[in-house]
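# A predicted structure for the sequence below; I have some questions about it.
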Amino acid sequence: AQKVTQAQTEISVVEKEDVTLDCVYETRDTTYYLFWYKQPPSGELVFLIRRNSFDEQNEISGRYSWNFQKSTSSFNFTITASQVVDSAVYFCALSEKNYGQNFVFGPGTRLSVLP
Amino acid sequence: DAGVTQSPTHLIKTRGQHVTLRCSPISGHKSVSWYQQVLGQGPQFIFQYYEKEERGRGNFPDRFSARQFPNYSSELNVNALLLGDSALYLCASSLVGTSGIFEQFFGPGTRLTVL
């Protein structure tokens, strides 16, 4: 069965600090996809990244970076030099190829960046 | 280009009533999925529709149903509303292909309150 765990319920940092959001997943499939979404106070989910199970390269996009490690079933997300606008709930999600567009979301981590 | 649109934005119903929520996908997207997000939790998958056919169903009772129209828009119907159906209902659209699972783009949601 698919499962996504985000052990950090809430994190507070001061602006300009680096912060890492953890995501651990469970799947029995060898082909799967991982995603991160941001949900700001407005409520709309914003897509951040997609990664398939065969691509373990870490990715950097501006202040955002992702660390995918199959050995530990983790797909962690780091924000460097955090800003107040980064305050939101962040969700990690998993989809197995055989289940198509059925995304299993984690419970989310609420990030508060204080000025 | 317009994103995913949903209507209505907010809805208040009483127990036992029926509700219909509507979604228009991004132009060119043929897959539409519905999710329920209860306050403080991650989205839960309800349905996926592609080419007017149901391609996936989550663990929701038969009171929940959906359909997709020839223009790829979709409706979610919920009968015999319960207090526990109060949630944010999210619609997501995506591309579909044999090369993998694509990221979903979410609409702003419909906030349903059942009294």
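Okay, I see it.

# contact partners for the residue lying farthest from the centre of chain A?
The C-alpha centroid of chain A is most remote from A:Pro115, which lies 23.2 Å away (C-alpha atoms, centre = their mean). Neighbouring residues of A:Pro115 by C-beta atoms under 8 Å, 6 or more residues apart in numbering or on different chains: A:14-15, A:84. Just so you know, the C-beta spots here come from the backbone N, C-alpha and C atoms, and that holds for glycine as well.

# nearest residue to A:Val13 other than its sequence neighbours?
A:Val19 (4.9 Å; C-beta to C-beta, 6 or more residues apart in numbering or on different chains).

# what of A:Val46?
A:Lys38 (4.6 Å).

# over to A:Ser112?
A:Ser12 (4.5 Å).

# what's the burial count for the one you found?
12 (other C-beta atoms under 10 Å in any protein chain shown).

# same deal with A:Val4?
Residues near A:Val4, counting by other C-beta under 10 Å: 24.

# what segments of chain A are strands?
A:3-5, A:10-14, A:19-21, A:24-26, A:32-39, A:46-52, A:59-61, A:64-69, A:74-79, A:88-96, A:104-105, A:109-114 (DSSP state E).

# so where's chain B shaky on pLDDT?
B:1, B:98-100 (pLDDT under 70).

# does the residue of it found nearest chain A count as helix, strand or coil?
Using C-beta to the nearest C-beta, the closest approach of chain B to chain A is made by B:Gly42 at 3.5 Å. Put simply, B:Gly42 is coil when judged by DSSP: H, G, I helix; E, B strand; the rest coil.

# quick one: contacts for it?
A:4, A:91, A:93, A:105-108.

# which residue packs closest to it, ignoring adjacent ones?
A:Phe105 (3.5 Å).

# can I assume the one you found is in contact with A:Ala93?
Yes - judged on C-beta atoms under 8 Å, A:Phe105 makes contact with A:Ala93 at a distance of 4.7 Å.

# higher neighbour count, those two?
A count of neighbours by other C-beta under 10 Å puts A:Ala93 above the other of A:Phe105 and A:Ala93, at 26 against 21.

# who in chain A is up against chain B?
Within chain A, the positions near chain B by C-beta under 8 Å from any C-beta of the partner chain are A:4, A:33, A:35, A:37, A:42-47, A:50, A:52, A:91, A:93, A:95, A:97, A:99-108.

# how close does the residue most central in space within chain B sit to A:Val89?
Nearest to the geometric centre of chain B sits B:Trp34, at 2.7 Å (C-alpha atoms, centre = their mean). B:Trp34 sits at a distance of 20 Å from A:Val89 (criterion: C-beta to C-beta, to the nearest Å).

# got it, and A:Gln101?
22 Å.

# just to revisit the earlier point, which of the contacts of A:Pro115 lies closest to B:Thr113?
Nearest to B:Thr113 among those, counting by C-beta to C-beta, is A:Val84 at 30.3 Å.
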